[in-house]
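# build me a structure from this.
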Amino acid sequence: MAIVEVENLSISFKRYTSRFKQVNHQVISNLNVSIEAGEIVAVVGASGSGKSLLAHALLGILPIHANVSGTMTYKGEPLTAKRQGMLRGKEMSLVPQSVHFLDPLMKIGKQVRQSAKHHKAAFLQKKVFERYRLPVKTEKLYPFQLSGGMARRALLATAVVSEAELIIADEPTPGLDSAVIEEALTNLRELADNGSAILLITHDIEAALKIADKIAVFYAGTTVEVAPAVDFTGKGEMLRHPYSKALWRALPQNEFIPIPGAQPHPSELPPGCLFAPRCTIATSKCRHEQPTNRAVRNGMVRCFHAT
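This next block holds a predicted model:
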């Protein structure tokens with residue numbers, strides 16, 4: 001059974017024009033992803049593709065004006081607002097993208113210890129601080145006294161001591177040196193190997209491939225492909241979606257081939273396949289019909305032409 005399963009998730013936000021006309025901006029549409037216990041699923045894609053919104057939807061921390069539809073389950077049971085409140089910070093832990101999630105009025109050590117589930121909180125906090133090279137005095141400091149890198153390590157430490165069954169790591173490595181990044185990734189892998197389900201949201205595909213079991217590729221608010229991490233190799237021959245292949249080949253360490261055009265704004269989504277305006281193999285059908293998810297070669301893809 002999947003620890004988390006998201007099916008046909010759609011999120012829109014109410015906005016008002018200069019003439020006070022209400023409009024809905026669809027920022028996520030028909031998004032699908034699932035995570036098993038002991039598995040790391042890395043979510044990759046351009047900024048604005050819906051990666052962080054997925055994390056906020058799972059935790060129930062979307063803005064009040066968000067309209068949400070679709071199905072989200074945790075251990076087979078619906079993730080209602082009440083259940084999200086009970087699980088958040090306990091069985092579901094977030095390593096947020098912004099260091100502003102730290103409580104500015106609470107010392108770092110106490111914040112980290114609050115996430116621990118048992119009486120060994122102080123011991124666990126000290127051990128994880130050693131692991132992340134945070135000086136002993138850090139536990140007595142407030143967030144404003146930390147550097148950006150130290151604050152990110154403190155956020156990661158909070159998730160590690162929580163021993164949560166679902167850990168959502170939203171861009172957990174920016175601002176860290178290469179040694180600490182390796183350590184952070186290793187620790188996420190260890191948590192998964194001990195049974196936690198990990199949702200890793202990142203722009204760094206290369207880092208994700210070091211520890212992830214699957215890669216979910218997001219584009220313009222939807223999942224275009226979910227593939228085993230081992231499929232990201234060579235020139236992308238094993239990948240299924242044109243965007244996944246283009247994203248892989250655009251990396252500097254690969255062919256560094258830019259993707260023409262730009263990801264559409266939520267207010268200007270095309271009627272058919274969201275990637276069709278930029279796709280070199282798009283047909284009339286692609287431009288007018290939206291492809292559905294289907295299984296292809298031990299993966300999932302949203303494309304009419306994938307084989």
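
# and the helices in the protein?
51-59, 81-87, 108-113, 121-131, 148-162, 178-193, 205-211, 242-249, 284-288 (DSSP state H).

# any chance of those in a markdown table, plus mean neighbour count?
Placement of C-beta: from N, CA and C, glycine included. Output for these, formatted as a markdown table (neighbours: other Cβ atoms under 10 Å):
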| stretch | mean neighbour count |
| --- | --- |
| helix 51-59 | 22 |
| helix 81-87 | 13 |
| helix 108-113 | 22 |
| helix 121-131 | 17 |
| helix 148-162 | 23 |
| helix 178-193 | 17 |
| helix 205-211 | 18 |
| helix 242-249 | 22 |
| helix 284-288 | 14 |
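
# His265: which of those helices is closest?
Taking Cβ to Cβ, helix 51-59 is the member of the helices of the chain nearest to His265, at 14.8 Å.

# what's that closest one in contact with?
Outside helix 51-59, the residues within contact range by Cβ atoms under 8 Å, 6 or more residues apart in numbering are 4, 6, 9, 11, 27-28, 31, 33, 43-45, 62, 68, 72, 79, 84, 88, 92, 94, 97, 166, 168, 170-171, 199, 201, 218, 221.

# now it - C-alpha only, CSV.
Taking Å, rounded to 0.1, in the frame of the first residue of the first chain, the C-alpha atoms of helix 51-59 are listed here in CSV:
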residue,chain,number,x,y,z
LYS,A,51,6.1,21.2,-7.0
SER,A,52,5.8,23.2,-3.8
LEU,A,53,2.0,23.5,-4.1
LEU,A,54,1.8,19.7,-4.0
ALA,A,55,3.7,19.7,-0.7
HIS,A,56,1.4,22.4,0.8
ALA,A,57,-1.7,20.5,-0.4
LEU,A,58,-0.6,17.3,1.3
LEU,A,59,0.1,19.1,4.5
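
# what's the spacing between the residue lying closest to Thr283 once chain neighbours are set aside and Pro242?
Spatial nearest neighbour of Thr283, chain neighbours left out: Phe304 (7.5 Å); criterion: Cβ to Cβ, 6 or more residues apart in numbering. Per Cβ to Cβ, to the nearest Å, Phe304 is found 11 Å from Pro242.

# what's the neighbour count on the residue nearest to Thr283?
Using other Cβ atoms under 10 Å, Phe304 is surrounded by 18 other residues.

# contacting residues for it?
Applying Cβ under 8 Å, 6+ apart, the residues contacting Phe304 are 273, 283, 285-286, 289, 291.

# and the furthest pair within those residues?
Farthest pair in these (Cβ to Cβ) is Thr283 and Pro291. Separation: 11.3 Å.

# so which of these two has more stuff around it?
Shown here are Thr283 and Pro291; by other Cβ under 10 Å, Pro291 has more neighbours (20 against 14).

# the more buried one touches Cys273, doesn't it?
Yes. Contact status for Pro291 versus Cys273: in contact at 5.7 Å, counting by Cβ atoms under 8 Å.

# shared neighbours, those two?
Common neighbours of Pro291 and Cys273 (criterion: Cβ under 8 Å, 6+ apart): 302-304.

# any chance of those residues in a markdown table, plus pLDDT and distance to Glu183?
Shown next, in a markdown table, are these (pLDDT from 0 to 100; distance: Cβ to Cβ, whole Å):
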| residue | pLDDT | distance to Glu183 |
| --- | --- | --- |
| Arg302 | 97 | 35 |
| Cys303 | 98 | 37 |
| Phe304 | 97 | 43 |
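
# closest to Arg133 among those residues?
Nearest member of the shared contacts of Pro291 and Cys273 to Arg133, counting by Cβ to Cβ, is Arg302, at 41.9 Å.

# and the residue most central in space within the chain, what does it touch?
Central residue of the chain (Cα atoms, centre = their mean): Ile201, 2.8 Å from the mean position. Ile201 makes contact with 42-43, 51-52, 54-55, 97, 168-171 under the criterion Cβ under 8 Å, 6+ apart.

# show me what it is bridged to.
Per DSSP bridges, the residues bridged to Ile201 are Val43, Asp170.

# any idea how far it is from Phe218?
9 Å.

# mutual contacts of the two, please.
43, 51, 54.

# can you list the buried residues in stretch 163-182?
Buried residues in stretch 163-182, counted by 16 or more other Cβ atoms under 10 Å: 163-173, 175-176, 180-181.

# what does stretch 69-80 give?
Within stretch 69-80, the residues scored as buried using 16+ other Cβ under 10 Å are 70, 72-75, 79.

# go on, stretch 271-282?
So for stretch 271-282, counting by 16+ other Cβ under 10 Å, buried means 272-279, 282.

# do you know the pLDDT at the spatially most distant residue from the centre of the chain?
Note on the chain: the largest C-alpha distance from the chain mean falls to Arg19, namely 35.7 Å (Cα atoms, centre = their mean). Note for Arg19: predicted pLDDT of 70.
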